[in-house]
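Peer 1: requesting a structural model of the entry that follows:
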Amino acid sequence: MRFRSMIFASGLLCGALCWSQSSASAGAASTQAINAQNENNLCRIYFTKAKSGQEQQLEAGRKKHIQFHRAQKDTWTWNTWTRETGDDTGSYVTSTCGHAWKDFDEWEARMGKADAADALANMGPYLGGSTDGFYLYRADMSLAPANQPPAPMAAVTIYTLHPGAAPDFIAAVKKVNDALSKQPDWPKTSGWYQLVNGGEGPTFVLVSARQNWAGFEPLAKSVPDVLNEVYGPETAGQILKTMRDSTKHLSTETALYHPELSYVPAK
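Peer 2: Here you go, the predicted model:
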């Protein structure tokens with residue numbers, strides 16, 4: 001089985017809704033410490049779409065492929081969502097997370113060829129396109145623990161940055177996170193992923209769990225409101241300017257979880 005993945009103000013509005021999990025760690029951590037914190041947080045995420053009018057056939061093929069994983073007693077989890085809004089509405093996102101780089105060598109040796117053959121047989125005839133990439137769940141930028149059970153829905157904001165802008169962007173995110181962590185009523189349901197291979201970068205993806213569409217209602221305070229309260233208007237403005245200047249383009253989408261198209265190994 002194989003998430004790529006509006007103006008900046010609308011992105012901040014979504015941030016007020018989606019940003020609920022950011023790290024309270026203000027200090028600049030060393031690369032070594034960050035790597036150690038995130039060493040088992042790697043995801044491989046596949047983006048697929050059906051040929052026109054063949055969504056039902058593709059989904060039926062995925063269900064058959066799930067049975068292959070079950071028969072092989074695959075120990076990895078494969079979660080599938082559909083994109084409900086955005087440019088890629090109707091496409092599928094399938095991810096496996098919680099891994100180190102070396103884990104992919106072990107899985108390929110154990111499952112790779114048979115998995116590819118079964119996927120091609122059951123889903124290949126109905127695929128209209130497929131891409132994939134590796135994403136790192138940035139525990140140092142997130143309050144939510146990695147590898148949480150999937151919520152029914154997710155709000156997604158994708159930040160593609162200018163080259164070289166990642167360090168300033170990350171520092172600004174952590175300042176925002178410090179401010180949000182001081183808000184007792186701020187929901188804590190989101191985290192950050194960083195694209196490490198497989199697409200245009202630097203790219204960071206903010207994902208926030210939602211139980212239903214009502215969960216998308218705006219909060220009583222926006223991110224700029226919170227920053228103004230905690231840091232004052234001048235510092236708050238500089239933080240937002242750093243994020244704005246770092247961002248090349250920004251997009252938002254909503255994802256719907258499909259347990260019937262997902263594989264979770266038996267415990």
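
Peer 1: switch to C-alpha atoms for all contacts and neighbour counts from now on
Peer 2: Will do.

Peer 1: now the host helix or strand of residue 229: how far from the chain's centre is it?
Peer 2: Applying DSSP states H and E as the criterion places residue 229 in helix 223-231. A distance of 25 Å separates the centroid of the chain from that of helix 223-231, by CA atoms, centre = their mean, to the nearest Å.

Peer 1: packing partners for that helix?
Peer 2: Under the contact definition 3 or more CA pairs under 8 Å, 6 or more residues apart in numbering; DSSP states H and E, helix 223-231 sits against helix 8-18, helix 166-181, helix 233-246.

Peer 1: list the buried residues of stretch 223-234.
Peer 2: 223-224, 226-227, 230 (16 or more other CA atoms under 10 Å).

Peer 1: quick one: average confidence on that stretch?
Peer 2: In this model, stretch 223-234 has a mean pLDDT of 96.

Peer 1: which residue sits closest to residue 54, ignoring its sequence neighbours?
Peer 2: Nearest residue to residue 54, sequence neighbours excluded (CA to CA, 6 or more residues apart in numbering): residue 126, at 6.1 Å.

Peer 1: can you check residue 80 too?
Peer 2: Per CA to CA, 6+ apart, closest to residue 80 is residue 94, 4.3 Å.

Peer 1: how is that neighbour assigned, secondary-structure-wise?
Peer 2: Using DSSP: H, G, I helix; E, B strand; the rest coil, the structure places residue 94 in strand.

Peer 1: wait, it touches residue 47, no?
Peer 2: Yes: between residue 94 and residue 47 there is a contact under CA atoms under 8 Å: 6.6 Å.

Peer 1: so where do the helices sit in the chain?
Peer 2: Using DSSP state H, the helices of the chain run over 8-18, 31-37, 55-71, 101-107, 113-122, 166-181, 223-231, 233-246.

Peer 1: could you dump these to CSV with distance to residue 139?
Peer 2: Putting the helices of the chain into CSV (distance: least, CA to CA, whole Å) gives the following:
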stretch, distance to residue 139
helix 8-18, 16
helix 31-37, 7
helix 55-71, 29
helix 101-107, 16
helix 113-122, 30
helix 166-181, 11
helix 223-231, 20
helix 233-246, 19
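
Peer 1: mean pLDDT lowest for which of the ones you listed?
Peer 2: Minimum mean pLDDT among the helices of the chain: helix 8-18, a mean of 45.

Peer 1: how much space between residue 45 and residue 134?
Peer 2: According to CA to CA, to the nearest Å, residue 45 stands 6 Å off from residue 134.

Peer 1: quick check: the closest residue to residue 68 other than its chain neighbours vs residue 129, distance?
Peer 2: Computed as CA to CA, 6+ apart, the closest residue to residue 68 that is not its neighbour in sequence is residue 118, at 7.4 Å. Residue 118 sits 17 Å away from residue 129, going by CA to CA.

Peer 1: higher neighbour count, the two?
Peer 2: residue 118 (19 against 12; other CA atoms under 10 Å).

Peer 1: distance check, that one against residue 79.
Peer 2: For residue 118, the distance to residue 79 - CA to CA - is 18 Å.

Peer 1: one step back: can I get the CA coordinates of the helix holding residue 229 in CSV?
Peer 2: What follows is helix 223-231, C-alpha atoms only, in CSV (Å, rounded to 0.1, in the frame of the first residue of the first chain):
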residue,chain,number,x,y,z
VAL,A,223,-3.5,33.2,16.7
PRO,A,224,-2.7,36.9,16.3
ASP,A,225,-5.0,37.7,19.3
VAL,A,226,-3.0,35.2,21.5
LEU,A,227,0.4,36.6,20.3
ASN,A,228,-0.7,40.1,21.1
GLU,A,229,-1.7,39.2,24.6
VAL,A,230,1.5,37.2,25.4
TYR,A,231,4.2,39.2,23.6
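
Peer 1: quick one: that helix to helix 166-181, angle?
Peer 2: Here helix 223-231 runs at an angle of 80 degrees relative to helix 166-181 (axes from the mean of the first three to the mean of the last three CA atoms, to 10 degrees).

Peer 1: give me the residues contacting stretch 238-255.
Peer 2: Stretch 238-255 is contacted by residues 6-8, 11, 14, 81-86, 153-162, 165-166, 168-169, 172-173, 175-176, 224 when judged by CA atoms under 8 Å, 6 or more residues apart in numbering.
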